[in-house]
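In: quick one, fold the following:
(chains A and B)
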There are 2 protein chains.
Amino acid sequence: MPYERDNIHRLTPYTPGEQPQRADVVKLNTNENPYPPPAAVLEAIRRVSADQLRRYPPPRAQPFREAAARLHGLSPEQVIATNGGDELLRMAVTVFCEPGGRGLGETYPTYSLYDVLADIHGTSITQVPLEDDWSVPEDFAARLNDHGCRLGLLVNPHAPSGRREPLDKLERLARAFRGVLLIDEAYVDFAEGDATPLLDPERGLDNVLLLRTLSKGYSLAGLRFGYGLGHPRLIEALDKARDSYNTDILSQAAATAALSARDEARESWKKVIAERARLAGALRQLGFSVAPSQTNFLLAAPPGDGLSAQALYRALHDRAIFVRYWDAPRLDDKLRITVGTPEQDDALLGAIAEILREGAGG
Amino acid sequence: MPYERDNIHRLTPYTPGEQPQRADVVKLNTNENPYPPPAAVLEAIRRVSADQLRRYPPPRAQPFREAAARLHGLSPEQVIATNGGDELLRMAVTVFCEPGGRGLGETYPTYSLYDVLADIHGTSITQVPLEDDWSVPEDFAARLNDHGCRLGLLVNPHAPSGRREPLDKLERLARAFRGVLLIDEAYVDFAEGDATPLLDPERGLDNVLLLRTLSKGYSLAGLRFGYGLGHPRLIEALDKARDSYNTDILSQAAATAALSARDEARESWKKVIAERARLAGALRQLGFSVAPSQTNFLLAAPPGDGLSAQALYRALHDRAIFVRYWDAPRLDDKLRITVGTPEQDDALLGAIAEILREGAGG
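Out: Numbers count the residues shown, from 1 in each chain, chains lettered A, B, ... in the order given. Sure, this is the predicted structure:
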């Protein structure tokens, strides 16, 4: 008999995107920013001393919290630093969802980690299908309330579609929902606006939690640093479930430096946004149907009369061009393609054109 | 009404030892190694490139797992890398303990984080008092079995007493226990032996999990890197509850370099062990009762006719000398003192002598 709990024994763990160690792969499968992190980040890392490594770090990453609070016009009590955005998600499930029920509500599709975290915790999952245009149904909150959900999870801009819901809609959903609404803003740096205005005390909302990560916008996926923004009472509750020293001194130093170098990071966001428009246009010219995106990726369906999305995914993989494919409803006819550099995207476009030609000829 | 679960709302979070930012503190309160980490660690950190930071790290820290497996004569499937030893503890509670009961068993006293993790998970706690000499009662496993415990937690060498249980006793306990026995070897680098022989397949034990950390022996408390060693089936179960990328590229590089520089780290262990003997002797000369220790700290009771341990703790704190004090049964008449450099320990001893003289005169 296994020693682990039944729900763990039965669990299908989260499958991260493939992380090849080969340098020759055109890697457009896990939404990394193709441009390097701000130079100040490496400098901050290299300034960390042997003595700082020897000692425990500030347990709550207080210097980072203060920097993030300044950046967003909030107080440090509205900020929690986490070991990647994923840790914030895990803590939110642990803190707000009851084992056995009164669990989380989400859209379908969404970030596939949410279900894994719910299964680990042994809580319930309520799925609300997105509309055909990937928008969140207006009755999302009502349906979560009907199921007794304690945590609602929205990725905004949405993954894997790229769609962004406007602030007034998010506010309506938050007011209508009786649990905590976590808005996962992993991709917000590539979008036209964020949801921080919902945290303004004058709005009187006490149930909104925003997730941020430095993985995408700040080109620091290797660093594992994210943070949560929300009402001080939500932050305090999450803090109780935090591992005692959850972020290390190197990532604290690097993350604080990254925020202070935001203008440099923004230059990469502008390049990605411009390239996103070019890549979407070029894919449409190849016959793809491409959803409008406010992220650093595109959800694109290949032309219906040619190769299937799965066959195209495999043919690209054979050429060392990695994109993401899911064998799942509403996604199995599409590819999620990270916006790369113009050179990477040209390699992708050239390979797709060639594969489609071969497919047509073969 | 709060949004968080009742058990979180009621929870008293873990209190880490004080981490002063002042450099002039003689810091003997959180068991850091007083000597710097191996030089190769800083070099490895400084070799991490912008491109490595930009990309996701190896999700399971495979290069580290292979290095740790080589070091301990195990296979990589017997190793899991974690964000500090604390993450391994949290995952073990999540994976093996049932919410609502069938929880963890531990000694009293022990590492105070265990109870906090059990309370977050909402599982039961069974406490077995240590004998007067801080040894684990021979019926520890039987009592855990009686309470249906799924996870047994032993710190060995023990914190906060410093006592080490021998291998044959650990083996008896593991064979008698029907759940997973986690042996927390945070301080093993300062001891005369470890429990890795229990993982030898020829012993036929499938329920032993060892916790290691780089915080103490490798002088890397700031890094947050630990690992678990155990049967591949236990490691696989833990891996399911791991955050998707739980360790970052910097700490993976630093930790792998640390293991390869073990001989250099061992020089610091030798110095700490020699200084531990000197400090214990000097404290005994001042009238303290000091438990034998195989760690990098001493549990020491001040002479009964003078200041209380709490008063001494405060008087030392006023002089910027930090040690650890708990207002808890069997501990409230003692101080836990980290073994520092000879200079730090001389400062401590001088201050204690002075305080005791003043106390006697005042």
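
In: give me the mean pLDDT for stretch A:72-79.
Out: Stretch A:72-79 carries an average pLDDT of 98.

In: list the buried residues in it.
Out: Residues of stretch A:72-79 classed as buried: A:72, A:74, A:76, A:78-79 (neighbour count, 16 or more other C-beta atoms under 10 Å in any protein chain shown). Where you see a C-beta, it was placed from the backbone N, CA and C, and this is true even at glycine.

In: now the helices for chain A?
Out: Under the criterion DSSP state H, helices of chain A are mapped to A:6-10, A:39-47, A:50-54, A:62-72, A:85-96, A:113-121, A:140-146, A:167-176, A:232-240, A:249-260, A:262-285, A:309-318, A:342-361.

In: ok and the second one relative to helix B:39-47, angle-wise?
Out: Relative orientation of helix A:39-47 and helix B:39-47, computed by axes from the mean of the first three to the mean of the last three C-alpha atoms, to 10 degrees: 180 degrees.

In: any buried residues in helix A:39-47, and which?
Out: Within helix A:39-47, the residues that qualify as buried are A:40-42, A:44-45, counting by 16+ other C-beta under 10 Å.

In: which elements pack onto it?
Out: Under the contact criterion of 3 or more C-beta pairs under 8 Å, 6 or more residues apart in numbering or on different chains; DSSP states H and E, helix A:39-47 touches helix A:249-260, helix B:39-47, helix B:50-54.

In: 10 Å instead, please
Out: Using 3 or more C-beta pairs under 10 Å, 6 or more residues apart in numbering or on different chains; DSSP states H and E as the contact test, the elements touching helix A:39-47 are helix A:249-260, helix A:262-285, helix B:39-47, helix B:50-54.

In: same question for the third one.
Out: Secondary structure elements in contact with helix A:50-54, counted by 3+ C-beta pairs under 10 Å, 6+ apart, are helix A:249-260, helix B:39-47.

In: next one: the last one to chain centre, how far?
Out: Distance of helix B:39-47 from its chain centroid, counting by C-alpha atoms, centre = their mean, to the nearest Å, is 25 Å.

In: one more: stretch A:161-168?
Out: That offset, for stretch A:161-168, works out to 14 Å (C-alpha atoms, centre = their mean).

In: can you give me the end-to-end span of it?
Out: Stretch A:161-168 has an end-to-end distance of 20 Å (C-alpha to C-alpha, to the nearest Å).

In: could you give me the buried positions within it?
Out: A:161-165.

In: same check on stretch A:283-299?
Out: For stretch A:283-299, the neighbour count (16+ other C-beta under 10 Å) marks A:283, A:288, A:290-291, A:293-299 as buried.

In: in strands only, show me these.
Out: Within the buried residues of stretch A:283-299, residues falling in strands by DSSP state E are A:290, A:297-299.

In: now distance to chain B and pLDDT too, for these, in JSON lines please.
Out: Listed next are these as JSON lines, based on distance: C-beta to the nearest C-beta, whole Å; pLDDT from 0 to 100:
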{"residue": "A:V290", "distance to chain B": "25", "pLDDT": "98"}
{"residue": "A:F297", "distance to chain B": "14", "pLDDT": "98"}
{"residue": "A:L298", "distance to chain B": "20", "pLDDT": "98"}
{"residue": "A:L299", "distance to chain B": "20", "pLDDT": "98"}
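
In: I'd guessed A:W134 sits against A:L299; true?
Out: Yes - between A:W134 and A:L299 there is a contact under C-beta atoms under 10 Å: 8.3 Å.

In: intersection of neighbour lists for those two?
Out: A:109, A:158, A:160-163, A:291-292, A:330 (C-beta atoms under 10 Å, 6 or more residues apart in numbering or on different chains).

In: which among those residues are in contact with chain B?
Out: By C-beta under 10 Å from any C-beta of the partner chain, no member of the shared contacts of A:W134 and A:L299 lies near chain B.

In: list just the nearest of the ones in strands among the buried residues of stretch A:283-299 to B:E185.
Out: Nearest to B:E185 among these: A:F297, at 43.4 Å, using C-beta to C-beta.

In: please report how far that closest one lies from A:E275.
Out: 11 Å (C-beta to C-beta, to the nearest Å).

In: give me the common contacts of the two.
Out: Contacts common to A:F297 and A:E275, judged by C-beta under 10 Å, 6+ apart, are A:339-340.

In: rewinding a little: ok, so of the ones in strands among the buried residues of stretch A:283-299, who is nearest B:Q19?
Out: Closest to B:Q19, out of all of those and judged by C-beta to C-beta, is A:F297, at 39.8 Å.

In: for that closest one, give me its contacts.
Out: A:28-31, A:157, A:159-162, A:187, A:190, A:216, A:272, A:276, A:279, A:323-324, A:335-340.

In: centre-most residue in chain A?
Out: With distances taken as C-alpha atoms, centre = their mean, A:A186 lies nearest the centre of chain A, 3.7 Å away.
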